[in-house]
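Participant: Got a predicted model here, sequence first, then my questions.
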Amino acid sequence: MTEEIIIAGFGGQGVLSMGQILCYSGVMQEKEVTWFPSYGPEMRGGTANCTAIISDEKISSPIVNVYDTAIVLNQPSMDKFEPTVKPGGLIIYDSNGIIRHPERKDITVCIMDASEEAVKMNNTKIMNMIVLGGFLKIKPIIELDNVIKGLSNVLPERYHKLIPLNEQAIKRGMEIVKIVHKA
Amino acid sequence: MTEEIIIAGFGGQGVLSMGQILCYSGVMQEKEVTWFPSYGPEMRGGTANCTAIISDEKISSPIVNVYDTAIVLNQPSMDKFEPTVKPGGLIIYDSNGIIRHPERKDITVCIMDASEEAVKMNNTKIMNMIVLGGFLKIKPIIELDNVIKGLSNVLPERYHKLIPLNEQAIKRGMEIVKIVHKA
Amino acid sequence: MAKKGDIIIDIEKCKGCEVCVVACPKQVLAAANEVNAKGYHYAIKVNAECIGCANCAVVCPDAVITVYREKK
Amino acid sequence: MAKKGDIIIDIEKCKGCEVCVVACPKQVLAAANEVNAKGYHYAIKVNAECIGCANCAVVCPDAVITVYREKK
Amino acid sequence: MKELRLMKGNEALAEASIRAGADAYFGYPITPQSEVIEYLMHVQPEKTTGMVVLQAESEIGAINMIYGAAGCGKKVLTTSSGPGISLMQEALSYIAGAELPCVVANIQRGGPGLGTIQPSQGDYFQSVKGGGHGDYKLITLAPASVQETVDYVKLGFELAFQYRNPVMILTDGIIGQMMEKVELFEQQPRITEQFDWATKGKVPGKDHVIVTSLMLQSEEQEKINLRLQAKYREVENNEVRYQEHYCDEDIDYLLVAFGSCARITQKSMEMAREKGIKIGLIRPQTLYPFPVAIIEKLAAKVKGILTVEMNTGQMIEDVKLAANGQTKVEFYGRCGGMIPSPDEILNAIETKLIGG
Amino acid sequence: MKELRLMKGNEALAEASIRAGADAYFGYPITPQSEVIEYLMHVQPEKTTGMVVLQAESEIGAINMIYGAAGCGKKVLTTSSGPGISLMQEALSYIAGAELPCVVANIQRGGPGLGTIQPSQGDYFQSVKGGGHGDYKLITLAPASVQETVDYVKLGFELAFQYRNPVMILTDGIIGQMMEKVELFEQQPRITEQFDWATKGKVPGKDHVIVTSLMLQSEEQEKINLRLQAKYREVENNEVRYQEHYCDEDIDYLLVAFGSCARITQKSMEMAREKGIKIGLIRPQTLYPFPVAIIEKLAAKVKGILTVEMNTGQMIEDVKLAANGQTKVEFYGRCGGMIPSPDEILNAIETKLIGG
Amino acid sequence: MSEIIKPENIVYEKTKVMTDKVMHYCPGCGHGTAHKMVAEAIEDLGIQNETIGVTPVGCSVLAYYYFAVDMQEAAHGRATAVATGIKRVMPEKYVFTYQGDGDLAAIGTAETIHACNRGENILIVFINNGIYGMTGGQMAPTTLEGMKSSTSPYGRDLKTMGNPLKISELVAQLEGTYYVTRHSVHTPANARKAKRALKKALEYQKLNKGTCLVEIVSNCPSNWKMTPVESNKWMEEHMFPFYPLGDIKVPQQ
Amino acid sequence: MSEIIKPENIVYEKTKVMTDKVMHYCPGCGHGTAHKMVAEAIEDLGIQNETIGVTPVGCSVLAYYYFAVDMQEAAHGRATAVATGIKRVMPEKYVFTYQGDGDLAAIGTAETIHACNRGENILIVFINNGIYGMTGGQMAPTTLEGMKSSTSPYGRDLKTMGNPLKISELVAQLEGTYYVTRHSVHTPANARKAKRALKKALEYQKLNKGTCLVEIVSNCPSNWKMTPVESNKWMEEHMFPFYPLGDIKVPQQ
Ligand SMILES: Cc1ncc(C[n+]2csc(CCOP(=O)(O)OP(=O)(O)O)c2C)c(N)n1
Ligand SMILES: Cc1ncc(C[n+]2csc(CCOP(=O)(O)OP(=O)(O)O)c2C)c(N)n1
Ligand code: SF4
Ligand code: SF4
Ligand code: SF4
Ligand code: SF4
Ligand code: SF4
Ligand code: SF4
Ligand SMILES: [Mg+2]
Ligand SMILES: [Mg+2]
């Protein structure tokens, strides 16, 4: 198993930590992982993205051009990464602010109202966890238990009290993810 | 004909310009010439030396380790350069301040009381010209006419009135040089 | 009486920094609830008090405001 | 009365700069007519007025003067 | 106790320097390596091991602080990238000339000039041939993972002190920026040894110590150079490190790649082997000393060699020198911050190496 | 009218720059090249041709002034030696990346570090492989006489503008300090051409001009690199220059040497030929581009090649790459400011090349 | 109101000395406003085609895309050396550098001091935001005591990290500087004042009397980790007391 | 008089903190005297074995042969960075640099300013002879107006070559400097005063209060093309008016 994932959105949406949590969770499950941020001037203010790879084998490059899964949280990222999903791959996106929805027919397309849901849960910061839940529902490459363990690695001690909320968000995400199109 | 000459003494004795004059004179006589100064911290205050090569052929290296002629104006230079004269070569030196005279028997040794003579001529600055005269007497590789032409190249225009004095010095040198030992 | 003025904001280029908002002497400006394609809550006019003083435009780092003032 | 002093100059290390000469309050020093092995007109004592004030030695860049003074 | 962590390459490098018992880090920010100093400033090793961390006014400031502290016999390191490393060339030549130990890491980005901040391997020549003036060598280590980055910090200090020579860790923005699992070695004590070549206050009864790279007399300067060369020969004899894949089998083709690029190349190799191509890979872990002997040996038996680099062709010269005309040596590379994909390299194997 | 003079290499270089129509010289003193700026300050070309001469606060200041003035499409040069040239590496990479024309002369002295001020050829690698970061090349000219120094200043400017590339004149303390006969070319006019790539004030109706070496997008940065590489291939095809001695005869052995060292080697060659040894000499006048083809051709027919350098063995790598295993390549060198004598080289010919 | 919106009523629009390229700066960053003031000064003086600018390495590295004048991009810290090169071969042009505090006052200290000491007839526009913006918020020479940055995460400690550097006051001491002044662009009034200073400085360039330096104390909302509006307030409260606005050296008649 | 010459009567001899090596300086060069004063200060304080010195590139490059303390030779201009590296890892040692005006105030400007601005607890001994001695008499940043050098053969022209730089006054402005003073060593009285200043500066190093800089205005008979005695006179007449002797910054109690 090798899963190559791009996670992309605006800065502040928590795309980098989403990737890190995935990787930490992978480590808990004794997988090989790599995480690679986009860095550069575009990091500031504008968009942010990272590549997370989770695999049973040693990982060659932490940077790839095509992905098994694209997790997309804004329109520019949609425009940039839709074409990079491998045929048969998955795109999963938050509906908020998306004007042009994915059009490819050779990939699985999932939509989530994660931002909306986060507002409902009174914490916009957990939007990324909701999306993560959605992804794990569609591709259950890591068990929820290990994700929770991973979380406790990413979060500094003083935030550990937030873990139950995050868990809740992940679970909620698993519920609300909708498959729009199946490859 | 190739003549490789080292000229060495204290800074201020005019060893560098003696070499340059020789080279300019060589050019007047359509010879190939190179002139190479010793440069480095030892240039300042202490000793100074230069290598002048005059040849009918293209000159390979402007720096050599052994010389056809050593022109020596102080004791440290005597110590340093006596051993570097090729067997059969020439050493020519000013007597002033020399404690240890050359001992080699395989080279021609000439002595000059050039400093003394310069004082007599009321111009210590022409000591080097006197020595040059001595050298040209022993090794007449360049004609006096050409030396005078060379001089007018080295001396800035405003000093051209000094050329006759220099000529006189060279001629005097030719007179006073003494062969101490012949190889 | 203050002159009458108006402004045009190039909202797609606006970065929603709100520097114009605090610079306006007439509280003409505010951040929109909506975001533009870049995700910024762009500036919008919220009243018609504009006097064309150009304060907003002068401090707008992205030069996205054009200011008009009635001549008379 | 001034103390009596004396100096020793390491003439082979002296560079003949004459800085000591002008520093001596008693005109004890002068440049020799002779040169040392390095070609310098080294400093020499020309009178016996030395008071051991060490002025010459302090300013000697090459630290070649040692100064003695009678203790009493 | 060894510790398993998921860390960014740059942060792992910083942590490894603390654990290796470094006495000081001096550096200046530049992308993609600023996390090294940021991590150190955050962790404040001064309060635990006593390691000093200072942001210098420039890379020139930093590397000359390194010179000073290394001259005291201390374990010191700096890190930078392309332009910053170029500014250090004068001082690196001084450090090599004065035979001082230190570790410098170049987290390479694309050049020339300001270039791009994306990963590259364009500073190979600078590291292994000598970007500074005069004849000197940097021992150059090329990690291909966060784990190796950590290990090479420790190894780097060991080699630096063993040979009294600067050690370059030549890595890139991929390895500096990526997170990977890493096993951290235990905290090492800081050195207390009083090296007799180091300035530490004159020892009564002994001559004072001089740290210098100057020798005005040519005869003496030549002797120093010959001593350095003798040391380099020793390094070449003893310190070559590389990883080989399938090279003891009966291979027809050989790949040579280093650092992050070797990881990708390895994948391409596996893809090629699945297609039945008998191909192996040499990954030099030391770029200087270069694994000449093994490549020379393999060159005698393969039909061709392909070097893969994230530049326009630099290590290929060392591969050619090692192969010495025994077989053809081809090149595939991407540059300017572009990273080759396994498919591209496979394609190069099929067209340039086999078809070519 | 051409003029015959007896001049010091450094002064001749300075005079040649005035006559080549240079617009500016920026430099910083360092032995053995300070006569360049001293000559210019003395002669005051500002009053005749208008050429500006400025002593910068450092070599880094000087080379960045060069960048600025070259970016205006002006003919500019600087000179330095070892440590100073090392400090210029960042900016040289910038200049190459921004494709600006300029001439830089390195009057080499012995390294590494502060080394010695005596002549050396230890900066060969730095010049031809790239001492700065990233993939770039300096066109490198190696004069062997004061005359060639003068000629290469003119040629250097021509090549610099033709290829929009920095040109390095790689010479040494021998040639810089020696006086020799030299024929000076006539005064050239200063350029008045308004290059469209140069900043000179925006031309109405046209886009403003940007001089930069930055391109953050990797795809674009790669394109720039590939364009540079294409230019370098053109340089390699068109600009190789070398002198050959007896190479069209039936020779058994070949010598390769450059610059001042080649003069001495030539003498040794004549001595060897007098002894009946059939031997020739290639003297590369361009070190980059290197005369690969001729050496490759000769390597096929000779029994061995000896390179002679005033370093510990640098150009030998390019000779080996050119020979590509067809024949053995040996090395003889002196370093640290030492200069080989014709006898020594003859001895190396007899022992290393023939006997070895 | 739309009757007001017609070309002849325009009282303020983007200057033609700036291009249409969207600037890459973070929302509310003073760099954009500072750019505008420089460009407007150039426009007002009608010297667009006689001006050559030099950008630094720092957030404003890409400023060459935004100024519609001929531009060169200098290596980190070397802008004044590059400008010296330009001005010496093109003395009739107006030459300016645009530099951040890291660029001008850390790595570029020698070039800055010596260009000023030589009295190069250039304008230095110095953006002091107390931080290395581009590289992600490391400490700059001008970072205030106690101020947090990614390399002073617990606040700048004067004992180990040195003192905030008033480089403008320093260069004002040099004979070579003609006009040194400190401004900000965070309010309309301040921005307009800054522009007047920039215009003056460019006009002085014709006199060949020496270097002019206009410091602009600015913000870096991203790395200060504040909203733009908060950052401007913080700047007033913390930066201005240490870096007081106003003229530091004015031409002596 | 020979009865006076006996060991117990010695009142002045070469300090043990200097080696027996013959110095390579030109006759009458102030470097030698300055060396002695530094060495005597070290001797007086009894800190020979706790002192580490840094020599520059300049005429005093070989000073490491003359000081009998542990020494490092720094690259041109970088002595204060090297000293920073030493002092930071060996804070209990006394660390000094010995630098010429080219080294400290031209190529090394950034390192000098920033070491002083950080307040590194080191002593900088700054030999200002208004010229590049070692390389044969080129213009230094401190060369006076109109003064001739091999790169200002018609005298320093302020318009094109910049102004003589008072770097001591400049660094005295920085918070990080604790004690900045200017002396000479050309007369016995001046030399003794310089030594007292050097001693004070070394003593201050124990307090960890910042950088001390002792400037010594000195001569370069060889490149000024004067006899040593003439050069000292010229120095008094021309250098001192521009570089007045005395304290520039003294510790505030
Ligand atoms: C030689 C070199 N060193 C370091 C860098 C990395 N670098 C780029 S910008 C920068 C600092 C920018 O800070 P500042 O000058 O204050 O500008 P700002 O971004 O704050 O406007 C640094 C250190 C570089 N590009 N080159
Ligand atoms: C990088 C570098 N640039 C230039 C030089 C040449 N250089 C040696 S000493 C010196 C100047 C010395 O002048 P100063 O610092 O005033 O010392 P002084 O000799 O006058 O005591 C220069 C330019 C060098 N060695 N290294
Ligand atoms: S022009 Fe003046 S009044 Fe109108 S919106 Fe702008 S700031 Fe407000
Ligand atoms: S100042 Fe400009 S960019 Fe900022 S919110 Fe207002 S209009 Fe938008
Ligand atoms: S000790 Fe004093 S009196 Fe004696 S010679 Fe020296 S200066 Fe003169
Ligand atoms: S000061 Fe010293 S070196 Fe100079 S003349 Fe006097 S004794 Fe000799
Ligand atoms: S990082 Fe700071 S200085 Fe740079 S653009 Fe963003 S806000 Fe402005
Ligand atoms: S050149 Fe000048 S500074 Fe150097 S030793 Fe000679 S007199 Fe002293
Ligand atoms: Mg800044
Ligand atoms: Mg000096």
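Facilitator: Noted; the coordinates are in hand. Ligands and ions are numbered 1, 2, ... in the order given.
Participant: Need the nearest residue in space to residue E:263, chain neighbours excluded.
Facilitator: residue A:60 (4.4 Å; C-beta to C-beta, 6 or more residues apart in numbering or on different chains). All C-beta spots, glycine's among them, are computed from the backbone N, C-alpha and C.
Participant: ok, that neighbour - how many residues close by?
Facilitator: 24 (other C-beta atoms under 10 Å in any protein chain shown).
Participant: Can you name the residue of the stretch 101-250 of chain E that approaches chain D most closely?
Facilitator: As assessed by C-beta to the nearest C-beta, chain D sits closest to residue E:208 within the stretch 101-250 of chain E, at 17.0 Å.
Participant: Please give me every residue in contact with the closest residue to that residue other than its chain neighbours.
Facilitator: Spatial nearest neighbour of residue E:208, excluding adjacent residues (C-beta to C-beta, 6+ apart): residue E:202 at 4.6 Å. Contacts for residue E:202 (C-beta atoms under 8 Å, 6 or more residues apart in numbering or on different chains) come out as E:208, E:209, H:48, H:49, H:51, H:68, H:69, H:70.
Participant: Residue E:227 is in contact with residue E:135, correct?
Facilitator: No. Look at residue E:135 against residue E:227 with C-beta atoms under 8 Å: they stay out of range, at 11.6 Å.
Participant: Which members of the contacts of residue E:202 are the farthest-apart pair?
Facilitator: The distance between the two most remote of these (C-beta to C-beta) is 12.8 Å, for E:209 and H:48.
Participant: Got the phi and psi for the closest residue to chain A within chain G?
Facilitator: Going by C-beta to the nearest C-beta, chain A is nearest to residue G:26 of chain G, at 4.0 Å. Residue G:26 adopts backbone torsions of phi -70, psi 160, taken as degrees, to the nearest 10.
Participant: How about residue A:175?
Facilitator: According to degrees, to the nearest 10, residue A:175 has phi -80, psi -40.
Participant: what about residue E:135 and residue E:227, which has more around it?
Facilitator: residue E:135 (31 against 11).
Participant: how close does that one get to residue E:229?
Facilitator: 7 Å (C-beta to C-beta, to the nearest Å).
Participant: got any residues that touch both of the two?
Facilitator: Joint contacts of residue E:135 and residue E:229 (C-beta under 8 Å, 6+ apart) are residue F:312.
Participant: Roughly how far does the closest residue to residue C:20 other than its chain neighbours sit from residue C:43?
Facilitator: Nearest residue to residue C:20, sequence neighbours excluded (C-beta to C-beta, 6+ apart): residue C:56, at 3.7 Å. Taking C-beta to C-beta as the measure, residue C:56 and residue C:43 are separated by 8 Å.
Participant: Give me the common contacts of these two.
Facilitator: Joint contacts of residue C:56 and residue C:43 (C-beta under 8 Å, 6+ apart) are C:20, C:21, C:29, C:65.
Participant: which residues touch the second one?
Facilitator: Yep, that's residue C:21 we're talking about. By C-beta under 8 Å, 6+ apart, the neighbours of residue C:21 are C:29, C:30, C:31, C:43, C:56, G:229.
Participant: swap the cut-off to 7 Å and go again
Facilitator: Going by C-beta atoms under 7 Å, 6 or more residues apart in numbering or on different chains, residue C:21 touches C:29, C:30, C:31, C:43.
Participant: For residue 167, grab the count of nearby residues.
Facilitator: If you meant another chain, say so; for now it's chain A. 17.
Participant: meant chain G, my bad for not saying
Facilitator: Neighbours around residue G:167, by other C-beta under 10 Å: 26.
Participant: Residue G:105 is in contact with that one, correct?
Facilitator: Yes. Contact status for residue G:167 versus residue G:105: in contact at 4.3 Å, counting by C-beta atoms under 7 Å.
Participant: who touches both of these two?
Facilitator: By the contact definition C-beta under 7 Å, 6+ apart, residue G:167 and residue G:105 are jointly contacted by residue G:112.
Participant: Can you give me every residue that contacts the closest residue to residue G:236 other than its chain neighbours?
Facilitator: Closest residue to residue G:236 apart from its sequence neighbours, by C-beta to C-beta, 6+ apart: residue G:186 at 7.6 Å. With contact set as C-beta under 7 Å, 6+ apart, residue G:186 has these partners: C:59, G:30, G:219, G:232, G:235.
Participant: Please tell me how far the second one sits from ligand 8.
Facilitator: Right, the one you point to is residue G:30. Distance from residue G:30 to ligand 8, counting by C-beta to the nearest ligand atom, to the nearest Å: 48 Å.
Participant: where does chain C have low pLDDT?
Facilitator: C:1-2 (pLDDT under 70).
Participant: hey, where'd the strands end up in the stretch 151-253 of chain G?
Facilitator: Here the stretch 151-253 of chain G has its strands, by DSSP state E, counting those that start in this stretch, at G:177-184, G:211-217, G:246-249.
Participant: does residue G:52 count as helix, strand or coil?
Facilitator: Following DSSP: H, G, I helix; E, B strand; the rest coil, residue G:52 is assigned to strand.
Participant: just to revisit the earlier point, so how many other residues sit close to the residue of chain G closest to chain A?
Facilitator: 25.
Participant: Let me know whether it touches residue G:221 as I believe.
Facilitator: Yes. Contact criterion C-beta under 7 Å: residue G:26 and residue G:221 qualify, at 6.0 Å.
Participant: Report the secondary structure state of whatever residue of chain C ends up closest to ligand 1.
Facilitator: Chain C approaches ligand 1 most closely through residue C:61 (13.0 Å), counting by C-beta to the nearest ligand atom. Recorded secondary structure, residue C:61: coil (three-state DSSP).
Participant: show me the contacts for the closest residue to it other than its chain neighbours.
Facilitator: By the measure of C-beta to C-beta, 6+ apart, the closest residue to residue C:61 outside its immediate chain neighbours is residue G:32, 2.9 Å from it. Under the criterion of C-beta under 7 Å, 6+ apart, the neighbours of residue G:32 are C:61, C:62, G:23, G:25.
Participant: Keeping just the C-alphas, turn the least confident helix or strand in chain A by mean pLDDT into PDB.
Facilitator: Ranking every helix and strand in chain A by mean pLDDT, DSSP states H and E puts helix A:144-154 at the bottom, with a mean of 88. The C-alpha coordinates for helix A:144-154 follow below in PDB (Å, rounded to 0.1, in the frame of the first residue of the first chain):
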ATOM      1  CA  LEU A 144      -9.000   5.900  14.100                       C
ATOM      2  CA  ASP A 145      -7.200   4.800  17.200                       C
ATOM      3  CA  ASN A 146      -3.900   5.500  15.600                       C
ATOM      4  CA  VAL A 147      -5.100   8.800  14.300                       C
ATOM      5  CA  ILE A 148      -5.900   9.800  17.900                       C
ATOM      6  CA  LYS A 149      -2.400   8.700  19.000                       C
ATOM      7  CA  GLY A 150      -0.900  10.700  16.100                       C
ATOM      8  CA  LEU A 151      -2.900  13.700  17.200                       C
ATOM      9  CA  SER A 152      -1.400  13.600  20.700                       C
ATOM     10  CA  ASN A 153       2.000  13.800  19.000                       C
ATOM     11  CA  VAL A 154       1.200  16.800  17.000                       C
END
